[in-house]
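Asker: Got a sequence here, can you model it:
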Amino acid sequence: MTKSELFDRMYRYQRVMSWVRSLLSQSLITKAEYAKIDTMIAQKYGISSCSIFR
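Answerer: Numbering: from 1, shown residues only. Reported below is the predicted structural model:
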């Protein structure tokens, strides 16, 4: 994987999770749902559970 591909994956992950955090802050999802979504999105974009970006 190139640096460009890695950057693209991280950027996409962060964009989606920003939206998900807004849902959480509006109480549209629970903390448990947030955690589940975070795991699914991280897997989709190949982000490690140990990543500092999570």
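Asker: Give the residue spans of this structure that score low on pLDDT.
Answerer: Residue ranges of the chain with pLDDT under 70: 52-54.
Asker: what sits up against the longest helix along it?
Answerer: Longest helix in the chain by number of residues, with DSSP state H as the criterion: helix 3-25. Outside helix 3-25, the residues that touch it by CB atoms under 8 Å, 6 or more residues apart in numbering are 29-31, 34, 37-38, 41-42, 45-47, 53. The C-beta positions use only the backbone N, C-alpha and C, and glycine is treated the same way.
Asker: Out of the residues you listed, grab the one that's most surrounded.
Answerer: residue 47 (21 neighbours; other CB atoms under 10 Å).
Asker: the inter-axis angle of whichever helix or strand comes after the longest helix of the chain versus helix 3-25?
Answerer: Sequence order places helix 31-45 as the next helix or strand after helix 3-25, per DSSP states H and E. For helix 31-45 against helix 3-25, the angle by axes from the mean of the first three to the mean of the last three CA atoms, to 10 degrees is 160 degrees.
Asker: which pair in the contacts of helix 3-25 spans the largest distance?
Answerer: 30 and 46 (25.9 Å; CB to CB).
Asker: I would like the residues contacting stretch 40-47, please.
Answerer: Residues contacting stretch 40-47 (CB under 8 Å, 6+ apart): 9-10, 12-13, 16-17, 20, 48-49, 51, 53-54.
Asker: can you rerun that using 10 Å?
Answerer: For stretch 40-47, the surrounding residues in contact (CB atoms under 10 Å, 6 or more residues apart in numbering) are 1, 5-6, 8-17, 20, 38-39, 48-49, 51, 53-54.
Asker: could you dump it to PDB, C-alpha only?
Answerer: In PDB, the C-alpha atoms belonging to stretch 40-47 read as follows (Å, rounded to 0.1, in the frame of the first residue of the first chain):
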ATOM      1  CA  MET A  40     -17.200  -1.900  11.200                       C
ATOM      2  CA  ILE A  41     -15.900   1.300   9.500                       C
ATOM      3  CA  ALA A  42     -12.300   0.600  10.700                       C
ATOM      4  CA  GLN A  43     -12.500  -2.900   9.200                       C
ATOM      5  CA  LYS A  44     -13.900  -1.500   6.000                       C
ATOM      6  CA  TYR A  45     -11.000   0.900   5.600                       C
ATOM      7  CA  GLY A  46      -8.300  -1.400   7.000                       C
ATOM      8  CA  ILE A  47      -7.600   0.700  10.100                       C
END
